[in-house]
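In: predicted coordinates and the sequence they were generated for:
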Amino acid sequence: MKILQRYLLLTFKLCIITLDGFQNLSAFGLKNCFESDTLPALRKTSLQGKSSVSSRKPNVILILADDLGYGDLSSYGQKNWQTPNIDKIGTDGARLTRFYTPMPYCAPTRASLLTGKYPKNHGLIINPFPDGGVKTSFQTFRGNDSIGVDQKEFLLSELLKEQGYKTKAIGKWHLGHRPQFMPDKQGFDEYFGIPYSNDMKPVKLVRNEKTVEYPVIQATLTKRYTEEALDFIDKNKEQPFFLYLPHAMPHKPLAASEEFYTPQTKNDLYADVMRELDWSIGQILNKIRSVGLEENTIVIFTSDNGPWFGGSTGGLRGMKATSWEGGIRVPFLVSWKGKIQPGQVITEIAGTIDVFPTIANLLKIPIHKTLKIDGKDLTPMLIDRAKSPHDALYTYFADNLQTVISGKWKLHVRSPERNPPLPSDSNWVDPVWPDGVTIIAQNNQPKANQFPGINTGDAWNDSFLIDLETDPSEQKNIAAQYPEVVKKLKDLAEQNK
């Protein structure tokens with residue numbers, strides 16, 4: 001076995017050498033070495049070729065908000081609060097208006113973000129849940145204590161770490177909380193945060209794999225995550241770094257620090273949380289500028305799915321946990337000074353699965369074909385104003401294909417609603433709640449009657465077609481008028497179940 005391992009490693013190293021310097025690979029008998037079936041055996045070791053970027057490689061800051069809706073940013077139409085710092089990422093670069101998550105809930109989307117794959121291909125189709133899964137009639141997507149991202153998957157963090165990047169994850173991980181799934185086993189040098197959602201028991205703050213606070217004082221989470229991010233940037237400003245910042249907010253229970261909490265206005269806790277989140281991003285952008293890294297740092301901001309009660313879909317139908325636009329269409333903003341032209345508003349379709357290959361291409365890191373990435377490189381769209389690289393995007397719920405989105409068309413293959421439906425009673429009490437009195441404003445949490453999106457429109461049937469250009473709020477089923485479009489999209493659905 002050891003001899004075989006050494007042979008595989010030597011073959012791989014020779015492949016790297018040939019990529020760098022040799023044109024006549026046949027002279028070394030290595031013409032097809034990167035097409036070998038032996039490469040998958042080298043799990044976690046250099047599945048891509050050696051980078052050709054300069055010695056000062058660009059930094060990457062990837063910020064993921066939790067349950068932030070399409071209409072929660074002022075650049076996407078929010079009027080009740082302002083988010084100038086988050087919006088600045090878009091004005092300094094590009095803002096996408098049709099960006100889709102592959103599922104309308106947490107963990108599968110997060111795994112897609114870091115693998116570039118649809119959930120059906122990376123395997124994490126439900127949420128890890130530390131206390132065994134508090135079941136409710138509408139939260140059937142909650143899994144058990146033992147699941148996590150497949151160890152065979154190759155994450156963006158591993159890709160960049162192999163290129164010499166310092167890597168850190170700060171915030172909500174939710175790709176599995178058992179030791180084998182934690183960030184330090186997935187290409188991150190450091191981790192600080194809650195390993196799952198901030199409403200899952202036990203809510204504990206972890207540094208690497210050691211619990212450092214329990215119960216968690218959630219009111220200061222955003223502030224502390226920000227401080228960790230600033231410290232990481234300071235310490236690594238002389239070398240390339242990858243900062244992955246999956247913030248806890250605005251996931252329930254909402255919590256803001258005293259500097260942002262406004263108890264005199266009891267019905268705007270969501271606004272308080274959003275203002276603090278925007279402050280956090282402003283601190284990070286200021287730090288990047290102050291240490292002279294603005295032209296050498298790619299900054300991305302997006303969300304894992306649509307909003308829960310109290311948030312805003314920006315006039316889209318549905319909410320988190322549904323496959324209406326309000327559950328799967330989220331903001332996406334990206335900047336890289338001097339590379340991505342500022343002020344772009346891009347209306348082409350793209351998705352969470354595209355982040356991995358896009359970052360890799362921007363950094364000029366080849367991706368080996370054995371990874372079988374579903375995502376597409378968005379660089380031509382961001383740099384050259386090209387069309388979307390996708391003929392179609394697909395969204396899922398657990399192991400079921402839900403929608404096919406192609407150009408302006410969207411076909412709902414299965415019911416976008418949950419069955420039984422989401423609660424709507426203002427007296428409804430959420431059964432999932434953190435342990436300990438660890439947040440302020442517990443009584444100011446949004447109620448179930450504070451629906452974040454539109455809840456009107458035609459009822460679903462098995463041929464439900466929408467023209468998103470003329471009907472973004474999905475009010476009218478026009479399948480009967482376009483049977484050829486329905487057939488085309490159903491054929492695509494059949495191929496991508």
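Out: Received the coordinates, thanks. Numbering: from 1, shown residues only.
In: measure residue 208 to residue 303 for me?
Out: 26 Å (C-beta to C-beta, to the nearest Å). The way it works is simple: take the backbone N, C-alpha and C, and place the C-beta from them, glycine included.
In: who's more crowded, those two?
Out: Neighbours were counted for residue 208 and for residue 303 using other C-beta atoms under 10 Å; residue 303 has more, 28 against 13.
In: I'd say that one and residue 71 touch.
Out: No - using C-beta atoms under 8 Å, residue 303 makes no contact with residue 71, being 11.2 Å away.
In: in a strand, that's where residue 279 is, yeah?
Out: No - counting by DSSP: H, G, I helix; E, B strand; the rest coil, residue 279 is located in no strand; its state is helix.
In: run a quick neighbour tally on it.
Out: Using other C-beta under 10 Å: residue 279 sits among 19 other residues.
In: next one: it from residue 454, what distance?
Out: 30 Å.
In: would you agree residue 475 is in contact with residue 455?
Out: No - the criterion here is C-beta under 8 Å, and residue 475 misses it with residue 455 at 10.9 Å.
In: okay, and the common contacts of those two?
Out: residue 317 (C-beta atoms under 8 Å, 6 or more residues apart in numbering).
In: tell me which of those two has more neighbours.
Out: residue 455 (16 against 12).
In: and the helices in the stretch 251-400 of the chain?
Out: Applying DSSP state H, counting those that start in this stretch to the stretch 251-400 of the chain gives helices spanning 269-290, 325-328, 355-362, 379-383.
In: looking at these, which is buried most?
Out: Neighbour counts (mean count of other C-beta atoms under 10 Å) averaged over each of the helices of the stretch 251-400 of the chain peak at helix 325-328, with a mean of 32.
In: now do it: everything it contacts.
Out: With C-beta under 8 Å, 6+ apart as the test, helix 325-328 has contacts from 69-70, 100-104, 305-307, 313, 316-321, 395, 403, 410, 416, 452-454, 468, 472-474.
In: repeat that with 7 Å
Out: Identification of contacts with helix 325-328 by C-beta atoms under 7 Å, 6 or more residues apart in numbering yields 70, 100-101, 104, 305-306, 313, 316-321, 395, 452-453, 472, 474.
In: how about the strands in the stretch 201-350 of the chain?
Out: Using DSSP state E, counting those that start in this stretch, the strands of the stretch 201-350 of the chain run over 205-207, 210-213, 241-246, 297-303, 329-335, 344-346, 350-351.
In: which one, of these, ends up nearest to residue 91?
Out: Among the strands of the stretch 201-350 of the chain, strand 329-335 comes nearest to residue 91, with 8.4 Å by C-beta to C-beta.
In: what strands line up against that closest one, and which way round?
Out: Strand 329-335 has its sheet partners listed here by DSSP bridges as strand 94-100 (antiparallel), strand 297-303 (antiparallel).
In: would you put the C-alpha positions of that strand in CSV?
Out: Presented in CSV, the C-alpha positions along strand 329-335 are these (Å, rounded to 0.1, in the frame of the first residue of the first chain):
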residue,chain,number,x,y,z
ARG,A,329,-33.8,34.4,-4.7
VAL,A,330,-31.3,36.3,-2.6
PRO,A,331,-29.0,39.4,-2.9
PHE,A,332,-25.5,38.9,-4.3
LEU,A,333,-22.9,41.6,-4.4
VAL,A,334,-19.3,41.4,-5.4
SER,A,335,-16.4,43.8,-5.7
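In: check which residues of it are buried.
Out: Using 16 or more other C-beta atoms under 10 Å as the test for burial, strand 329-335 gives 329, 330, 331, 332, 333, 334, 335.
In: coming back round to it: which stretch among the strands of the stretch 201-350 of the chain comes nearest residue 448?
Out: strand 297-303 (20.8 Å).
In: how about the strands of the stretch 201-350 of the chain in JSON lines, adding mean pLDDT?
Out: Shown next, in JSON lines, are the strands of the stretch 201-350 of the chain (pLDDT from 0 to 100):
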{"stretch": "strand 205-207", "mean pLDDT": "97"}
{"stretch": "strand 210-213", "mean pLDDT": "96"}
{"stretch": "strand 241-246", "mean pLDDT": "98"}
{"stretch": "strand 297-303", "mean pLDDT": "98"}
{"stretch": "strand 329-335", "mean pLDDT": "98"}
{"stretch": "strand 344-346", "mean pLDDT": "98"}
{"stretch": "strand 350-351", "mean pLDDT": "98"}
